[in-house]
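Trainee: Need a 3D model of the sequence below.
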Amino acid sequence: MKYLLIIVALVFMGCTLWAQDVLKDTIPGSEVTFELKLIEGNDSIADFYIGTHEVTYDMFALFKRKEFDTPESDLDDDYSPDAITRPTPPYEDMTWGMGTEGGFPAVSMTQKAAMRYCEWLYQKTGRFYRLPTAREWTYVAKKQPSTKGWFYENSGDKYHQTGTFQSDVDIYDLYGNVMEWTLDKRVLKGGSYIDNESDITADTNIKYDRKWQQRDPQIPKSIWWLTDGPFVGFRLHSPVEQPTNEEVESFFKAYFE
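Mentor: Below is the predicted model of the structure:
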């Protein structure tokens, strides 16, 4: 795929000499804030930021619900909520009643929907965000080898608010709670509240399963929603060395083709 060639250029950019340890951002036109933590790379992985928490419902709702979006943008003075490609309204509660506002993870979106959110967030903030690759996700997770989190054994068969388990590296819910989309084709990491703790490690790759859309009556299935996937979410990645606006636009254009 063409977008993979662009990823190579973006992922392996040279590292900057200095970067702040925690990146804090606010979605323009709202009071919703979020944080990413600096991860120092190695010879083959450039320095990058990764979300300290899984993307929350509060963050995702501003994108999902056009009426929640506003004309403010740090990138484009002509930004218009009406011009944004958004998910179609779900015809049922994709959270299965397990929690929304107040720090619960956004769930049940397809990989494409997660990347559309990243594109929207770039248009709002002017900073390039995307999903981490499986390799980047694993690199972070191996810095926190403990699998302590919300798994089948302790979750009560539901996801929980993000950040409720202590983390030695201030990156929460890498393991358990909801499994997380990566940039790799239909690969997720981290396991979720339906998985056994002993089955999940930093190296575990989980493949998209068609059963996650089993109750979806549409033909073809929705490109936005996993009707049977309330255990699926995602986390943000942003390179320290930011690409140009032209490179970002080329990346998203190639990805969605």
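Trainee: contacts, neighbours, all on C-alpha from now
Mentor: Noted.
Trainee: Show me what the biggest strand by length in the chain packs onto, helices and strands only.
Mentor: Longest among the strand segments of the chain by residue count, using DSSP state E, is strand 33-39. In terms of contacts (3 or more Cα pairs under 8 Å, 6 or more residues apart in numbering; DSSP states H and E), strand 33-39 is packed against strand 22-26, strand 48-51.
Trainee: what lines up beside it in the sheet?
Mentor: strand 22-26 (antiparallel), strand 48-51 (antiparallel) (DSSP bridges).
Trainee: contacts for it?
Mentor: Residues from elsewhere that reach strand 33-39 (Cα atoms under 8 Å, 6 or more residues apart in numbering): 19-27, 47-53, 140, 170-171, 236-237.
Trainee: bridging residues for Leu188?
Mentor: Trp181, Ile206.
Trainee: List the contacts of it.
Mentor: For Leu188, the contact set (Cα under 8 Å, 6+ apart) comprises 134, 179-182, 205-208.
Trainee: Which among these count as buried?
Mentor: Neighbour counting over the contacts of Leu188 (16 or more other Cα atoms under 10 Å) leaves 134, 179-182, 205-206, 208 as the buried ones.
Trainee: I'd like those as a markdown table, with pLDDT appended.
Mentor: As requested, the buried ones among the contacts of Leu188 are exported to a markdown table (pLDDT from 0 to 100):
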| residue | pLDDT |
| --- | --- |
| Ala134 | 98 |
| Met179 | 98 |
| Glu180 | 98 |
| Trp181 | 98 |
| Thr182 | 98 |
| Asn205 | 98 |
| Ile206 | 98 |
| Tyr208 | 97 |
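Trainee: Kindly reformat those residues as TSV and extend each row with distance to Cys118.
Mentor: Shown next, in TSV, are those (distance: Cα to Cα, whole Å):
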residue	distance to Cys118
Ala134	17
Met179	17
Glu180	14
Trp181	12
Thr182	12
Asn205	22
Ile206	21
Tyr208	20
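Trainee: Go through the residues you listed and name the one nearest Pro217.
Mentor: Tyr208 (18.4 Å; Cα to Cα).
Trainee: The strands paired with strand 33-39 into CSV, with extra columns for distance to Arg186 and mean pLDDT?
Mentor: Converted to CSV, these look like this (distance: least, Cα to Cα, whole Å; pLDDT from 0 to 100):
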stretch, distance to Arg186, mean pLDDT
strand 22-26, 28, 96
strand 48-51, 19, 98
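Trainee: what about Leu174, which SS state?
Mentor: Following DSSP: H, G, I helix; E, B strand; the rest coil, Leu174 is assigned to coil.
Trainee: and the nearest residue in space to it that is not next to it in sequence, what is it in contact with?
Mentor: Leaving aside its sequence neighbours, Leu174 sits nearest to Gly190 (Cα to Cα, 6 or more residues apart in numbering; 5.7 Å). Contacts for Gly190 (Cα under 8 Å, 6+ apart) come out as 174-176, 178-180, 200-202, 204.
Trainee: measure Gly190 to Thr227 for me?
Mentor: 20 Å (Cα to Cα, to the nearest Å).
Trainee: Which pLDDT value belongs to Gln166?
Mentor: What the model reports for Gln166 is a pLDDT of 85.
Trainee: burial count for it?
Mentor: 12 (other Cα atoms under 10 Å).
Trainee: now swap in Gln144 and tell me
Mentor: 19.
Trainee: wait, isn't it in contact with Gln166?
Mentor: No: Gln144 is beyond contact range of Gln166, at 11.2 Å (criterion: Cα atoms under 8 Å).
Trainee: just to revisit the earlier point, list the buried residues for the longest strand of the chain?
Mentor: Buried, per 16+ other Cα under 10 Å, within strand 33-39: 34-39.
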